[in-house]
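# Dropping the sequence and predicted coords here.
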Amino acid sequence: MLTEYLSGQIEKLAQRDDLPLHRKLYEALRRAILDGKLASGHRLPASRELAHDLQLSRNTVVAALNQLNVEGLLTSHVGRGTYVSDRPAQKAARRQPPPVSQDTKLSKRGQRILTNFSAEQLEIYPFTSGIVDFSAFPIALWRRLQHKHWRMAYPDMLDYSYSGGHAPLRNAVASYLRVFRNMSIDKEQVIITSGTQQSLELCAQILADLDDTVWIEDPAYWGAVKAFMATGLRLHPVAVDGQGLAPQSLSGAPSPRLIYVTPSHQYPTGVVMSLARRQEILAIARKHKAWVLEDDYDSEFRFSGPSIEAMAALDTDQRVLYMGSFSKVLYPGLKLGYLVVPRGLAAPLKQAHYDLNRPGQIPLQAALAEFIEMGHFSTALRDARHSYAERRRCLLEALKPCLGALAHISGADQGLHLCVNLPVAVDDKGLAQRIGAMGLTVRALSAYCVERKDLRGIVIGYGYAPLAEIQRYGPILAKAISAALARLA
Ligand SMILES: Cc1ncc(COP(=O)(O)O)c(C=O)c1O
């Protein structure tokens, strides 16, 4: 019954070439819920089953279900299935979070975090940057490893974990970084965290005082901006140019305590920091006795050009703290990453991590350590590189018609997103909205700017959309960008 109804609704949207399939399924399910055809508490078939019955890919079904989950119309419980939420109509009416008003009980800091530079609602559509292909994760193997480590979990493994994380995982991370990032480190310098967000907060809490200055890139990764706001630091935005964060423009700038950079693939422009600039920043850090926070979030995916050394590998003064994450190669909900610290900081930062975060999660870390040791991580990485390289090639091909004197791409050599840079006269937020109305999420470059007013562009991810969707919707993106440029004439 449900299958027939959904197929019929999707059929009705057949003319809407601009809507991707997952969006059509989303619309059909949303209608069914709001019209009461699917009542509160109704259990939906599993995504695999639904995909089979509707003859859609599982990715398509998962994308539609995820969006309805985010909007509160569905509720998923691991192992128990997906249900229509209680009173979904009211929830739908509240889809947008209410604006943060001045008379709330939030602290000034809380209001600042929520209103400034706001992170958008999670939208898992083709071209959303920062989202990877979850469907590629070897879930059955992972389940087996997790079961095994839960079965073996001796009481110590259920404690908070004092030593910076499970030793075999720290060892595996250190080996990986010695080989792939040329870093001379040992496992005692590695601290397992719940991802880069936590690594950033830990560094800000322990290495800087309230009102100390952190230099950040402009445009910037909003996650880092929020971590620094939350820890009471003063943000000093530094413009990024074609070589990365550009300190030469900083005569009279406040002395930094921390310098946050994404040198391998600046987020969001994708610019690679030149060697000269890396050395310049290390020299500034030395002069000001500042710490460099190197966020190496997607260096696993390098598609062309020479490989780039981590700043941590160039650092002779023990000034760089290096952050990596398993969010991109595996999946973000795993919530595991690592912080590699200079030897002299290892003991205090492990202690602080224990005191502030009570990390725990050792059985999970043990499963991941075995996943890496048995070579599954390398396999997952190799497959992901191959698959993302194809998607990137296809996206670049599709974007060709809109490129030229007015539009150029940056950041396509690495990572899972690229940026189409546009003239300052283009309303990039309006353009992103028009593209969004077609069910294709992209982000405006100006939305990442902290102070700058001179940047316009569209940030496009190719990690999530399957190749077929990139082939199909890439030209639509290019057309929308060309139309925005034509308006300038
Ligand atoms: C610039 C940047 N750093 C780090 C991360 C990963 O953060 P986490 O490990 O907290 O998931 C992301 C994810 O999108 C990112 O874009």
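Perfect, I can see it now. Residues are numbered from 1 along each chain as shown.

# average model confidence for the longest helix along the chain?
As assigned by DSSP state H, the longest helix anywhere in the chain is helix 376-399. Helix 376-399 carries an average pLDDT of 94.

# moving C-terminal of it, what's the next helix or strand?
strand 408-410 (DSSP states H and E).

# all strands of the stretch 51-200 of the chain, in order?
Assigned strands in the stretch 51-200 of the chain, in chain order: 74-77, 81-84, 190-193 (criterion: DSSP state E, counting those that start in this stretch).

# closest to residue 384 out of those strands?
Shortest distance between residue 384 and the strands of the stretch 51-200 of the chain, using CB to CB, is found for strand 190-193: 21.4 Å. (Each C-beta comes from the backbone N, C-alpha and C, glycine too.)

# which strands and helices sit next to that closest one?
Secondary-structure packing of strand 190-193 (3 or more CB pairs under 8 Å, 6 or more residues apart in numbering; DSSP states H and E): helix 167-180, helix 196-207, strand 337-340, helix 343-357.

# switch the cut-off to 10 Å
helix 167-180, helix 196-207, strand 320-325, strand 337-340, helix 343-357, helix 362-373 (3 or more CB pairs under 10 Å, 6 or more residues apart in numbering; DSSP states H and E).

# Tell me the strands beside it, with direction?
Strand 190-193 sits in its sheet next to strand 337-340 (antiparallel), going by DSSP bridges.

# Which positions within the longest helix of the chain qualify as buried?
376-377, 380-381, 384, 388, 391-392, 394-396, 398-399 (16 or more other CB atoms under 10 Å).

# What parts of the stretch 151-300 of the chain come near the ligand?
195, 196, 197, 221, 223, 262, 267, 295, 297 (CB under 6 Å from any ligand atom).

# hmm, back to that, only C-alpha atoms, please: export the longest helix of the chain in CSV.
The C-alpha trace of helix 376-399 is given here as CSV (Å, rounded to 0.1, in the frame of the first residue of the first chain):
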residue,chain,number,x,y,z
HIS,A,376,40.3,-2.2,6.4
PHE,A,377,41.0,1.5,6.9
SER,A,378,43.5,1.4,4.0
THR,A,379,40.9,-0.4,1.9
ALA,A,380,38.1,2.0,2.7
LEU,A,381,40.5,4.9,2.0
ARG,A,382,41.6,3.4,-1.3
ASP,A,383,38.0,2.8,-2.4
ALA,A,384,36.9,6.2,-1.3
ARG,A,385,39.7,7.9,-3.1
HIS,A,386,38.8,6.1,-6.3
SER,A,387,35.1,6.9,-6.0
TYR,A,388,35.6,10.5,-5.1
ALA,A,389,38.1,11.1,-7.8
GLU,A,390,35.5,10.0,-10.3
ARG,A,391,32.8,12.3,-8.8
ARG,A,392,35.3,15.2,-8.8
ARG,A,393,36.2,14.6,-12.5
CYS,A,394,32.6,14.5,-13.4
LEU,A,395,31.7,17.6,-11.5
LEU,A,396,34.6,19.5,-13.0
GLU,A,397,33.5,18.4,-16.5
ALA,A,398,29.9,19.6,-15.7
LEU,A,399,31.1,22.9,-14.5
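
# tell me what it is packed against?
Against helix 376-399 (3+ CB pairs under 10 Å, 6+ apart) you get helix 139-152, helix 167-180, helix 362-373, strand 408-410, strand 417-422, strand 456-461, helix 467-486.

# for the protein, which residue is closest to the average position?
residue 130 (3.5 Å; CA atoms, centre = their mean).

# my read: it touches residue 460, true?
No - between residue 130 and residue 460 there is no contact under CB atoms under 10 Å: 11.2 Å.

# residues contacting residue 299?
The contact partners of residue 299, by CB atoms under 10 Å, 6 or more residues apart in numbering, come to 180-181, 262-265, 307-308, 310, 324, 328, 414-415.

# let's see 6 Å
Contacts for residue 299 were tallied using CB atoms under 6 Å, 6 or more residues apart in numbering; they are residue 264.

# Give me the secondary structure label for it.
Of the three states, residue 299 takes coil under DSSP: H, G, I helix; E, B strand; the rest coil.

# separation between it and residue 166?
23 Å (CB to CB, to the nearest Å).

# Same check on residue 69?
From residue 69 over to residue 166 (counting by CB to CB), the distance is 31 Å.

# Residue 218 too?
Distance of residue 218 to residue 166, given as CB to CB: 38 Å.

# likewise residue 234?
From residue 234 over to residue 166 (counting by CB to CB), the distance is 36 Å.

# And those two? Which one has more around it.
residue 166 (22 against 16; other CB atoms under 10 Å).

# Not counting its neighbours along the chain, what's nearest that one?
Excluding the flanking residues, the one nearest residue 166 by CB to CB, 6 or more residues apart in numbering is residue 365, at 3.8 Å.

# my guess is the one you found meets residue 170, correct?
No - counting by CB atoms under 6 Å, residue 365 stays clear of residue 170, with 8.8 Å between them.

# could you measure the nearest residue to residue 461 once chain neighbours are set aside against residue 330, distance?
Counting by CB to CB, 6+ apart, the nearest residue to residue 461 once its immediate chain neighbours are dropped is residue 129, at 3.5 Å. Distance, residue 129 to residue 330, by CB to CB: 18 Å.

# same thing with residue 24?
As for residue 24, its distance to residue 330 is 30 Å (criterion: CB to CB).
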